[in-house]
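# below are the sequence and a predicted model for it; my questions follow.
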Amino acid sequence: MTADIVRIENAAGAADKVGAVIGESFHDLEVSAWIVPPEDDRRRVLPAFFSLLTEGALAGGDVYATDDMSAVAVWFRSDVPTPEGIPERIEAFAGGHAERLGQLDEEMAKHHPHDPHHYLSFLAVLPDRQNEGLGSRLLDEHHARLDEAGIAAYLEASNARSRELYLRHGYHDLGSPLILPDGPPMFPMWRPPNP
């Protein structure tokens, strides 16, 4: 089954639709279980968290999806500041899980590069559509724009499997893995432009 790649516009409900795809796709990841251990809480908290961050990308970045919404990619430009009030909004829906989200953010900030780049915050494919090349197609869509403009890309791979995907797309490890307290490693990665 093929799907076209579309750019998601900043319209009512768009962030929630994207957040739901990411929440379902990431539900069983080790880092997701570290952030929100109880499964029922995870089903509620993570889509809200991903929707909130997607709002920022829709306002100052790029969001792509397959036309059937089975896969999404959420990109931020490094020159766009983080919107105000994010921690308070997270606290409102995450409650006690906000602390782990804060720890994750702090660890990620320590590794985040300062050179100009686009940041791939999320690349998510619904479980029943994985291994069809949809993630690669979403990467290729934005990489073509980055290469044309001479802009690098950065991300944190959430596990060894996703790290392998990114290595195949021209990324390399950037420093040592990000280590969460009593949690899984994540892998900071950088992709120089490929003119």
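Structure received. Residues are numbered from 1 along each chain as shown.

# need the longest strand for the chain.
strand 117-125 (DSSP state E).

# which parts of whichever helix or strand comes after it are buried?
The first helix or strand that comes after strand 117-125 along the chain, using DSSP states H and E, is helix 134-149. Within helix 134-149, the residues scored as buried using 16 or more other Cβ atoms under 10 Å are L134, G135, S136, R137, L138, L139, H142, H143, L146, D147. (Each C-beta comes from the backbone N, C-alpha and C, glycine too.)

# next: stretch 43-63.
By 16+ other Cβ under 10 Å, the buried positions in stretch 43-63 come out as 44-58, 61-63.

# keep only those of those residues that are in helices.
Counting by DSSP state H, the buried residues of stretch 43-63 place 44-58 in helices.

# middle-most residue in this structure, spatially?
F122 (1.5 Å; Cα atoms, centre = their mean).

# same question for the closest residue to S121 other than its chain neighbours, what's its three-state structure.
Among residues not flanking S121 along the chain, V74 sits closest, at 4.7 Å (Cβ to Cβ, 6 or more residues apart in numbering). Judged by DSSP: H, G, I helix; E, B strand; the rest coil, the three-state class of V74 is strand.

# what's the residue nearest to A48 when sequence neighbours are not counted sitting at in phi/psi?
With Cβ to Cβ, 6+ apart as the criterion, A48 has its nearest non-adjacent residue at 4.4 Å, and that residue is F93. Dihedral angles of F93 (phi, psi; degrees, to the nearest 10) stand at phi -100, psi -20.

# and stretch 166-181, how far from the chain's centre?
Here stretch 166-181 is found 14 Å from its chain centre; the criterion is Cα atoms, centre = their mean, to the nearest Å.

# perfect, that will be all.
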